[in-house]
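Chemist: sharing a model prediction with you, sequence too.
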Amino acid sequence: MSFFIAGTKLLRVPILLYFLSVGEYSNFVYYLFVFGLFIAFEQMISNIIINAVSNEKDLSKLPKVLKKQLNKTLFFFQFLSTLLLVTNVNFLYGYSIYLILVFVFFLNISLWMYLKFIFFISALEVNGYTIQNRLFKFTAELLFLLISVILLSFSANVLSVIASFTFANILIYLTSKKTLSNYKISITHRKSSLVDDSLIKNYWSQLFIQGVTVLARSMPMLFIAYIGNAEQIAFYFVAAQLYQIGPLILFPVLTAQYPSLRFGGLSNNLVFIRVSIFTILVISICYLALFYNMSWILDIWTSGKLFLDHKLLVYLNIVSIIAAIHIAFKYFTTAKDMSYSLVKCYSYSVLVSLLLASFIISKYSILDGVFIYSISFEIFAIIYIFINLWQNKYSKFDSK
């Protein structure tokens, strides 16, 4: 199902470029990028919700304090996303203040609905309805494309696409809510207890780790959106979409290993390591195939509207391979409840990477420094996680 969702997303590119100019398309992909900063935390938030109530098999005892933390997180991302949207001169150029306010309104409504959607999906998964998550997302992609084609046929502009995206999110939100009602699943929140302190600590630890990771992976797109041209923005986003084949392969494999990894012993740990190594090798081969055939792919896929930027592609290929290794390491530590102990590791990774990036910026360019930061962060995070696992292999590694 994940590949069907990805395939539908890939259809966005030729369809939208048929109606929109490269400049308008680059504005829309920047809007998606800003929205996607919150979506990058979906798996983390869902895992925390599911882990918090996994022994209950329902959400009737979901800690009330968790809802408060999630609302704080949503408010932060609404503020951050709005700030990124209204401070990007490349995005604002040519739009009236009223149209910008409409974009901001659509953005914040979509973010709020998506958090509710995560709640609903988590409730379904806890009760054994795991396929609904993918079905809803696949349906959302189809609805988005259908509504986009209809609206763009009447008015071919960015507002039509953003409105289509928002309407699709509204429909999926309502559908998932109705599904909960049909299955007679309710979401309530228990009062605070002594367990909540550890829950909050674990939540913010994972949020910090995921936050600095998302920041490192998002910085290239963010800086390209601010200092690059429309062609670079559109190319990098399209290429990054193609490189999502890695997570699409990796996440289902790692998720399937998660229960046995979380509750199993040393033998389960070794199975996870072998499976991860093999999967990452397969992903690396796919990335290399994309790298060597990107020019041909763009020519066919975008009807010649987008052209290869070799420098950006080299950086994207390198950071994507290293990120796949990092994801596997992070999955292992999450399953072993080691997130809190890794906060220092990620803090060191950020600090060392910033120092290295500052040196590169002083010698070369801002964009080179940004990509070096992304690459070095992934490498140092892997190194520090490995050291932490090695130091704790007797107290944590074998005990789970």
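Modeler: Now that the structure is in, tell me what you want to look at.

Chemist: which neighbouring elements make contact with the lengthiest helix in the chain?
Modeler: In the chain, assigned by DSSP state H, the helix with the most residues is helix 266-301. Here helix 266-301 touches helix 2-19, helix 230-242, helix 245-263, helix 310-335, going by 3 or more C-beta pairs under 8 Å, 6 or more residues apart in numbering; DSSP states H and E. C-beta here means a position set from N, CA and C on the backbone, and glycine is covered the same way.

Chemist: okay, now the unreliable bits of the stretch 301-400 of the chain?
Modeler: Within the stretch 301-400 of the chain, the stretches with pLDDT under 70 are 337, 339-340, 392-400.

Chemist: quick one, what contacts the closest residue to Leu143 other than its chain neighbours?
Modeler: Nearest residue to Leu143 in three dimensions, chain neighbours excluded: Ala168, at 4.2 Å (C-beta to C-beta, 6 or more residues apart in numbering). Neighbouring residues of Ala168 by C-beta atoms under 8 Å, 6 or more residues apart in numbering: 140-141, 143-144, 147.

Chemist: secondary structure element holding Ala168?
Modeler: Element membership of Ala168, judged by DSSP states H and E, is helix 158-182.

Chemist: and the longest helix of the chain with helix 230-242, angle?
Modeler: For helix 266-301 against helix 230-242, the angle by axes from the mean of the first three to the mean of the last three C-alpha atoms, to 10 degrees is 140 degrees.

Chemist: chain center to helix 266-301: distance?
Modeler: Relative to the centre of its chain, helix 266-301 is centred 18 Å away, using C-alpha atoms, centre = their mean, to the nearest Å.

Chemist: now it: buried residues?
Modeler: Neighbour counts over helix 266-301 (16 or more other C-beta atoms under 10 Å) mark 268-269, 272, 275-276, 279-280, 283-284, 286-287, 290-291, 294, 297-298, 301 as buried.

Chemist: equivalent analysis for stretch 88-102, please.
Modeler: Neighbour-count burial for stretch 88-102 [16+ other C-beta under 10 Å]: 88, 90-92, 95, 102.

Chemist: and which of those residues is nearest Tyr226?
Modeler: Taking C-beta to C-beta as the measure, Tyr226 lies nearest Asn88 of the buried residues of stretch 88-102, at 6.0 Å.

Chemist: quick one, what contacts the closest one?
Modeler: Contacts of Asn88 by C-beta under 8 Å, 6+ apart are 30, 225-226.

Chemist: would you mind giving the domain segments of this protein?
Modeler: Annotated domains of the chain cover 1-193, 195-400 [automatic domain parsing].

Chemist: ok, back up a step: format the helices and strands packed on helix 266-301 as JSON lines; extra columns: mean neighbour count and distance to Leu174.
Modeler: Below are the helices and strands packed on helix 266-301 laid out as JSON lines (neighbours: other C-beta atoms under 10 Å; distance: least, C-beta to C-beta, whole Å):
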{"stretch": "helix 2-19", "mean neighbour count": "16", "distance to Leu174": "20"}
{"stretch": "helix 230-242", "mean neighbour count": "21", "distance to Leu174": "27"}
{"stretch": "helix 245-263", "mean neighbour count": "17", "distance to Leu174": "27"}
{"stretch": "helix 310-335", "mean neighbour count": "20", "distance to Leu174": "32"}
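
Chemist: how about the helices in the stretch 301-400 of the chain?
Modeler: For the stretch 301-400 of the chain, the helices defined by DSSP state H, counting those that start in this stretch occupy 310-335, 343-363, 366-391.
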